[in-house]
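Quick one, what's the 3D model for this:
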Amino acid sequence: MMGEIKQDMDLLFQEVDIIGRALYADFNHNVVQQSMLQAEFDQIADKLKDLELLSSNLNVNGQIVFCRNDFANNDKIDFDRISGTPAHIENGTVTLGQTSQSSVGKEATITIVPGNKTYKNFIIGSESNGFPGNNHEITVSPGSSLTNNDYTYRFVGEKNNHGAYGVVLDGDANTWFEYELVNVREQDKQAVAKNLGWDYQVNGNQTLRFARDPDGGVLKLNLQVILAEESLINQINVNMYTPPNHGAKTAIVKDILVSDGTSAPLSVMTSAKLDSDYTFHFSPRTAKVITILFEQPEKYFTDIGHIYYEAKRQIENGPDYVFDTINKEYSPTHLPRVEGPQIALQDLGVQVKATPTSVDATYGPQTPDGTTQSMENIISNVQYSLNDENIEMGIERFEGWRYCIGIRDIEIFSTEYEATGEIVTEPYYFEQPLEKITLDVREEMPQYIKYQVSIDDGATWHDITPMGRQMASSSDEAMAPKIYTIQQVEKQSQQANPRPGYLETEYPVYSIRMRMLFERPAETGGEA
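Model (predicted):
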């Protein structure tokens with residue numbers, strides 16, 4: 001018999017191994033497909049923006065015509081016309097080419113900073129006003145005849161509630177952290193749930209309500225990263241996670257502050273920062289403490305699971321026979337709601353310290369390999385603490401909404417760059433001859449970037465200054481024109497040195513090219 005058992009176990013192991021290999025292959029295939037779809041999506045989004053500009057051009061009757069390049073891809077770059085070192089294009093950003101890059105965040109620790117708060121709010125403050133994890137969202141599936149249930153409810157975070165914030169430093173795209181607030185209609189809280197079960201337990205009879213909307217309608221999160229040692233950094237990437245629900249939006253990186261641990265933190269953001277920016281390049285800074293502020297003003301509607309407790313009600317069965325005494329009947333519906341054990345803040349990874357005179361709740365520092373929590377274990381702990389046999393626990397569904405900040409990775413880099421870089425665009429064509437040319441850009445460290453325009457397909461280049469750029473008054477270098485006026489003249493009338501802001505040509509201009517020249521200061525040692 002033992003031999004047969006061994007053969008069965010070997011066969012089972014082989015089957016599991018085959019299934020594992022198949023899942024691994026399917027995962028790799030899905031990753032490739034996702035990358036292909038993302039590339040196609042970027043191309044479609046780029047063309048959509050071109051159509052938006054075309055619509056704008058039609059609305060102004062051709063008087064002002066726009067052309068654009070968001071650098072979502074390389075489609076509008078003419079690499080054959082680049083004479084120097086090509087610049088680097090990634091995630092809609094153009095930088096000098098990278099010669100080396102080292103990550104300095106793998107050995108760091110991270111924590112959540114609540115900010116200014118009251119004693120009764122514990123971990124809800126001015127900087128962070130939610131809770132870690134996906135702890136209340138559920139999925140609904142049809143029940144089975146074996147359980148006599150019409151529906152089966154499962155928490156989305158059943159196996160992993162994604163409440164461990166340390167995983168944002170692990171560099172693994174398959175892990176992520178969620179920060180949330182959920183709520184349901186007040187009528188459902190009061191009339192159906194009797195206003196019970198909408199709080200987390202802090203300590204003893206002290207609780208903290210989780211079913212609430214954020215103050216000001218904006219969910220906020222302050223993550224503080226402490227590096228293992230002071231490092232010179234110049235790039236931070238924040239890879240976000242967006243729930244796969246209809247209406248869910250990606251959270252916003254509101255600000256990033258960098259400090260060496262002793263001096264006041266300074267922002268790395270520029271005035272040109274957009275809500276859609278998640279890659280940040282800046283001049284080199286000595287960093288020990290990095291603070292990243294997130295905001296989520298958008299909610300999405302979803303199913304919210306609610307834990308409730310009911311008092312059992314025995315039904316009289318007439319004569320009390322032995323069989324009836326053993327098999328009591330209880331009414332399954334319309335039983336009175338009662339208080340019961342609540343999910344504790346400790347179950348979410350929050351540290352609660354109680355003394356005879358005070359209670360304090362804080363977020364401890366976590367490393368990239370921090371312990372994850374699961375709603376399956378959390379619910380089991382709650383059930384285990386239910387020691388009254390006359391009370392039954394259940395889970396019900398409410399239509400509600402959820403604010404979510406999702407983060408996959410925070411990447412902190414010390415990057416070294418080439419000394420120079422260059423970008424030359426493909427020609428931009430127009431239906432009518434051009435009369436004036438202006439340039440509008442979104443840039444960081446503008447003192448190291450020069451822009452040029454050509455009306456003769458790159459034969460000659462003319463420096464141009466973006467409209468929004470403000471040059472320092474102490475600059476010795478004269479500012480290039482912000483507006484060029486094109487004058488069509490006879491060849492013999494063309495001047496060797498035309499007036500600033502004027503371009504002379506003997507032919508109508510129907511196309512232009514743009515060139516961008518990047519150069520870092522030599523004293524930075526490549527880290528710019």
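
Next one: Ile412 from Asn73, what distance?
26 Å (Cβ to Cβ, to the nearest Å). The way it works is simple: take the backbone N, C-alpha and C, and place the C-beta from them, glycine included.

Compare neighbour counts for these two and give me the winner.
Taking other Cβ atoms under 10 Å, Ile412 and Asn73 do not tie; Ile412 has more neighbours (24 against 15).

Setting the sequence-adjacent residues aside, check what's closest to the more buried one.
Leaving aside its sequence neighbours, Ile412 sits nearest to Gly105 (Cβ to Cβ, 6 or more residues apart in numbering; 3.9 Å).

and what of Tyr300?
Nearest non-adjacent residue to Tyr300 (Cβ to Cβ, 6+ apart): Gly247, at 3.9 Å.

The spatially closest residue to Asp172 that is not a sequence neighbour: neighbouring residues, count only.
Among residues not flanking Asp172 along the chain, Asp409 sits closest, at 7.5 Å (Cβ to Cβ, 6+ apart). Applying other Cβ under 10 Å, we find 21 residues neighbouring Asp409.

which residues does Asp409 form a beta bridge with?
Judged by DSSP bridges, the bridge partners of Asp409 are Asn239.

Helices along the stretch 251-400 of the chain, start to end?
Assigned by DSSP state H, counting those that start in this stretch, the stretch 251-400 of the chain shows helices spanning 322-326, 375-384.

Gln201 contacts Glu339, doesn't it?
No: with contact defined as Cβ atoms under 8 Å, Gln201 does not reach Glu339; the gap is 11.1 Å.

Asn30 belongs to a helix?
Yes: inclusion of Asn30 in a helix is indicated when DSSP: H, G, I helix; E, B strand; the rest coil is applied.

got a list of what Ile412 touches?
Ser103, Val104, Gly105, Ala108, Val225, Leu227, Ser231, Ile233, Gln235, Ile236, Ala287, Ile290 (Cβ atoms under 8 Å, 6 or more residues apart in numbering).

Which one of the helices of the stretch 251-400 of the chain has the poorest average confidence?
For the helices of the stretch 251-400 of the chain, mean pLDDT drops lowest on helix 322-326, to a mean of 39.

about what we covered before: Gln201 and Glu339: which is more packed in?
Between Gln201 and Glu339, counted using other Cβ under 10 Å, Gln201 has the larger neighbour count: 19 against 10.

would the more buried one count as being in a helix?
No: applying three-state DSSP, one finds Gln201 to be strand, outside a helix.

So in terms of bridging, what pairs with it?
Listed by DSSP bridges, the beta-bridge partners for Gln201 are Thr207, Ala344.

do Ser511 as well
Tyr429.

pLDDT weak spots in the stretch 151-300 of the chain?
Along the stretch 151-300 of the chain, no part satisfies pLDDT under 70.

change it to 80
In the predicted model, the stretch 151-300 of the chain carries pLDDT under 80 at residues 151, 272.

mind listing the strands in it by residue range?
In order along the chain, the stretch 151-300 of the chain carries the following strands (DSSP state E, counting those that start in this stretch): 151-155, 177-184, 199-203, 206-209, 219-241, 252-259, 266-267, 279-296, 299-311.

now the stretch 301-450 of the chain
Secondary structure of the stretch 301-450 of the chain (DSSP E, counting those that start in this stretch): strands located at 351-354, 359-362, 391-417, 420-424, 428-429, 436-438, 449-454.

deepest of these, which one?
With neighbours taken as mean count of other Cβ atoms under 10 Å, the strands of the stretch 301-450 of the chain reach their highest mean count in strand 420-424, at a mean of 21.

gap between that one and the chain center?
Per Cα atoms, centre = their mean, to the nearest Å, the displacement of strand 420-424 from the mean C-alpha position of its chain is 30 Å.

do the same with stretch 161-172
The answer for stretch 161-172 is 13 Å, by Cα atoms, centre = their mean.

Check stretch 289-302 too.
Distance of stretch 289-302 from the chain centroid (Cα atoms, centre = their mean) equals 8 Å.

And for stretch 225-240?
With Cα atoms, centre = their mean, you get 16 Å for stretch 225-240.

Please spell out which residues along it are buried.
Neighbour counts over stretch 225-240 (16 or more other Cβ atoms under 10 Å) mark Val225, Leu227, Ser231, Ile233, Asn234, Gln235, Ile236, Asn237, Val238, Asn239, Met240 as buried.

how near is Lys220 to Leu181?
10 Å.

Name the residues contacting each of those two.
Asn129, Gly130, Pro214.

Turn those into JSON lines, including neighbour count.
Listed next are these as JSON lines, based on neighbours: other Cβ atoms under 10 Å:
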{"residue": "Asn129", "neighbour count": "24"}
{"residue": "Gly130", "neighbour count": "23"}
{"residue": "Pro214", "neighbour count": "18"}
